[in-house]
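Asker: need a structure here:
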Amino acid sequence: MSLTVAIINEMTGIIQAVGYPGIFFLMVLEGMLLPIPSEVVMVFGGYLLYENKLLGIGFLPGFGVLLLIGTIGNLVGALLAYYLGDKGGIPLIMKYGRYVMLDEKSINKTQEWFKRYGEISVFVTRLIPIFRTFISIPAGIAKMKLSYFIIFTVLGMAIWDTILIYIGIRLGPSWEVMLSYSDLFTYLALAAILALFLYWVYLTLKKKKDPMKIS
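Answerer: Okay, the predicted model is just below:
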């Protein structure tokens, strides 16, 4: 049994054993940069919704509860990573990052991305597998305004988690098929980001051509 399969089995076992608290716990760990793929957690959660093994709470249906739990859990982890960058900076990351499979190359890439595209990169990067959690550290190092960090993080995570939950529901018992398409999701996410970037360039150029008119 490979390490990846073992991790997936352990994750799904935790979720089956304790339900929503297990999902919250795993999403916190992912937000803290640990190798816990949300693609497994939230898609498997969607499958459990399909099987009616995750139920709604009060007026909130199961889909809403799962989305809320996953998003808040990931936000908690992201905030911990943000403060790690804010208080510890690059030296601390380089010293202890290897213990959570965080290397200098990955941090440098996300830091360059943050410097180039600014605060909106926190939102955009949440839609890119692998790098979606790393952006919290450069945001912390840059001391990004916390309220903006939370807003962009929640928006990006909510969209990402919604997609994954829906996939889990649609695939049902075949939910594991999604894991073999992880590269495809990466390419689609990058294509969406390119489209957003081109649209931003278009709006910027249009604004320069058409300065604000006084009414």
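
Asker: Next, the buried residues of stretch 53-73.
Answerer: Buried residues in stretch 53-73, defined by neighbour count with 16 or more other Cβ atoms under 10 Å: 54, 62-63, 65-73. Just so you know, the C-beta spots here come from the backbone N, C-alpha and C atoms, and that holds for glycine as well.

Asker: In the protein, where is pLDDT below threshold?
Answerer: In the prediction, the chain carries residues with pLDDT under 70 at positions 1-5, 88-111, 113-115, 117-118, 129-131, 178-215.

Asker: max-length helix in it?
Answerer: For the chain, the longest helix by residue count, based on DSSP state H, is helix 62-96.

Asker: Return the list of helices and strands in contact with that helix.
Answerer: Judged by 3 or more Cβ pairs under 8 Å, 6 or more residues apart in numbering; DSSP states H and E, the packing partners of helix 62-96 are helix 20-31, helix 38-50, helix 104-117, helix 136-141, helix 146-171.

Asker: Which SSE is immediately downstream of the third one?
Answerer: Right, the one you point to is helix 104-117. Counting by DSSP states H and E, the next helix or strand C-terminal to helix 104-117 is helix 120-125.

Asker: re the thing from before, and the buried residues of stretch 53-73, which is closest to residue 20?
Answerer: residue 69 (5.1 Å; Cβ to Cβ).

Asker: burial of residue 116, as a residue count?
Answerer: Using other Cβ atoms under 10 Å, residue 116 has 8 neighbouring residues.

Asker: and it, how far is that from residue 143?
Answerer: To residue 143, residue 116 is 17 Å away according to Cβ to Cβ, to the nearest Å.

Asker: picking that back up, out of the helices and strands packed on helix 62-96, which is closest to residue 12?
Answerer: For residue 12, the closest of the helices and strands packed on helix 62-96 is helix 38-50, at 5.4 Å, according to Cβ to Cβ.

Asker: got the CA coordinates for the closest one in CSV?
Answerer: Provided in CSV are the C-alpha atoms of helix 38-50 (Å, rounded to 0.1, in the frame of the first residue of the first chain):
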residue,chain,number,x,y,z
SER,A,38,-9.3,18.9,0.4
GLU,A,39,-10.0,17.0,-2.8
VAL,A,40,-10.4,13.9,-0.7
VAL,A,41,-12.1,15.4,2.4
MET,A,42,-14.8,17.4,0.6
VAL,A,43,-15.5,15.0,-2.2
PHE,A,44,-15.8,12.1,0.2
GLY,A,45,-18.1,14.4,2.3
GLY,A,46,-20.2,14.9,-0.8
TYR,A,47,-20.4,11.1,-1.3
LEU,A,48,-21.6,10.8,2.4
LEU,A,49,-24.3,13.3,1.6
TYR,A,50,-25.3,11.1,-1.4
